[in-house]
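Colleague: predicted model and sequence below, questions to follow.
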Amino acid sequence: MGTEEVKLYGITLSPFVLRVEWALKLKHIEYEYVTEDLKNKSPQLLQYNPVEKKVPVLVHKGKPICESTLILEYVHEVWKNGCPLLPSDPHQKAVARFWSKFAEEKCLYSSFAVMSNVGEELKKAVEEFRHNLKTLEGYLEGKKFFGGDMIGMVDIVAGWIPCWVGMIEGLVSMTIVDEEYLPRIKAWIHDILELDLVKQTMPPLDKVEAHMRAIRETVLAAKSVSTLN
């Protein structure tokens, strides 16, 4: 398949773009990566995603697909070669979609709360995050990956956890994933990071950490101003 058929519009430091890259590589799909500057968005990005004006955007044969989880579904449905992202059994597929949504709406959003707080509110946010990870861990029981012996949709959607959670711990100076409370998540993180796919696509971690630190400082500064007002 020629790269002219598939384009991925993204930025290097986005975990949402990274999950699309993983899916494309698992399917052995050739694609052209178009790097965006979100402070100066290209006319193509604004054309392909006029509503949210965000990355990632996948363009296949001139037709855009937006939102990373919807892109993953599209990739699974369109390309049958390579590693399947979802099970073929309808019930197992529904269960995988449920846990993908949980990882997105519960775990990811609770990590935002961790990044956005200090003091007692930070402690509460960390406990909520850990609780959500513990719930997600139940789906790992008896498996190496959420997808079984190979990674699948849930691993990809939750893939920001292995890549980013250590940096979050460093920024807030608190342990989130430990072997005693989250043993299966801890082992899963190790196994994900050992995958060649992940090693080959991991963005520069120093830049990711600096980006995350800047976001945290901006959010905390805004909250401080809001409190004073």
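Modeller: Here it is on my side, so go on.
Colleague: quick one: contacts of the top helix by length along the chain?
Modeller: When the chain is parsed with DSSP state H, its longest helix is helix 205-228. Helix 205-228 has contacts (Cβ atoms under 8 Å, 6 or more residues apart in numbering) with 12, 13, 115, 116, 118, 163, 164, 167, 168, 170, 171. Every residue, glycine included, has its C-beta placed from N, CA and C.
Colleague: let's see 7 Å
Modeller: 13, 115, 116, 118, 167, 171 (Cβ atoms under 7 Å, 6 or more residues apart in numbering).
Colleague: tell me the buried residues in it?
Modeller: 208, 209, 211, 212, 216 (16 or more other Cβ atoms under 10 Å).
Colleague: ditto for stretch 159-175
Modeller: Buried, per 16+ other Cβ under 10 Å, within stretch 159-175: 159-169, 171-172, 174.
Colleague: which one among the buried residues of helix 205-228 gets closest to residue 128?
Modeller: residue 216 (17.1 Å; Cβ to Cβ).
Colleague: helix, strand, or coil at residue 181?
Modeller: State at residue 181, reduced to three classes by DSSP: H, G, I helix; E, B strand; the rest coil: coil.
Colleague: chain center to the helix or strand of the chain with the lowest mean pLDDT: distance?
Modeller: One helix or strand of the chain scores below all others by mean pLDDT, DSSP states H and E: helix 205-228, with a mean of 86. Helix 205-228 has its C-alpha centroid displaced from the chain centroid by 20 Å (Cα atoms, centre = their mean, to the nearest Å).
Colleague: kindly report the same for stretch 47-61.
Modeller: On Cα atoms, centre = their mean, the centre of stretch 47-61 falls 18 Å from the chain's centre.
Colleague: that stretch: end-to-end distance?
Modeller: 15 Å (Cα to Cα, to the nearest Å).
Colleague: if you count neighbours, what's buried in it?
Modeller: Taking 16+ other Cβ under 10 Å as the criterion, stretch 47-61 shows 48, 49, 54, 55, 56, 57, 58, 59, 60 as buried.
Colleague: tell me which residues are up against that stretch.
Modeller: Contacts for stretch 47-61 (Cβ under 7 Å, 6+ apart): 5-11, 14, 16-17, 20, 36, 41, 45-46, 64-66, 68, 71, 74.
Colleague: which among those count as buried?
Modeller: 6-11, 14, 16-17, 20, 36, 45, 64-66, 68, 71, 74.
Colleague: so which of those sit within strands?
Modeller: Within those, residues falling in strands by DSSP state E are 6, 7, 8, 9, 10, 64, 65, 66.
Colleague: tabulate the buried residues of stretch 47-61 in CSV, adding columns for secondary structure and pLDDT.
Modeller: Formatted as CSV, these follow (DSSP: H, G, I helix; E, B strand; the rest coil; pLDDT from 0 to 100):
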residue, secondary structure, pLDDT
48, helix, 98
49, coil, 97
54, coil, 96
55, coil, 98
56, coil, 98
57, strand, 98
58, strand, 98
59, strand, 98
60, strand, 97
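Colleague: turn the buried residues of helix 205-228 into CSV, including distance to residue 194.
Modeller: What follows is the buried residues of helix 205-228, written out as CSV (distance: Cβ to Cβ, whole Å):
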residue, distance to residue 194
208, 19
209, 21
211, 24
212, 23
216, 28
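Colleague: show me the chain divided up by domain.
Modeller: 3-78, 90-220 (automatic domain parsing).
Colleague: mind putting those domains in JSON lines, distance to residue 84 included?
Modeller: Shown next, in JSON lines, are the domains of the chain (distance: least, Cβ to Cβ, whole Å):
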{"stretch": "domain 3-78", "distance to residue 84": "7"}
{"stretch": "domain 90-220", "distance to residue 84": "7"}
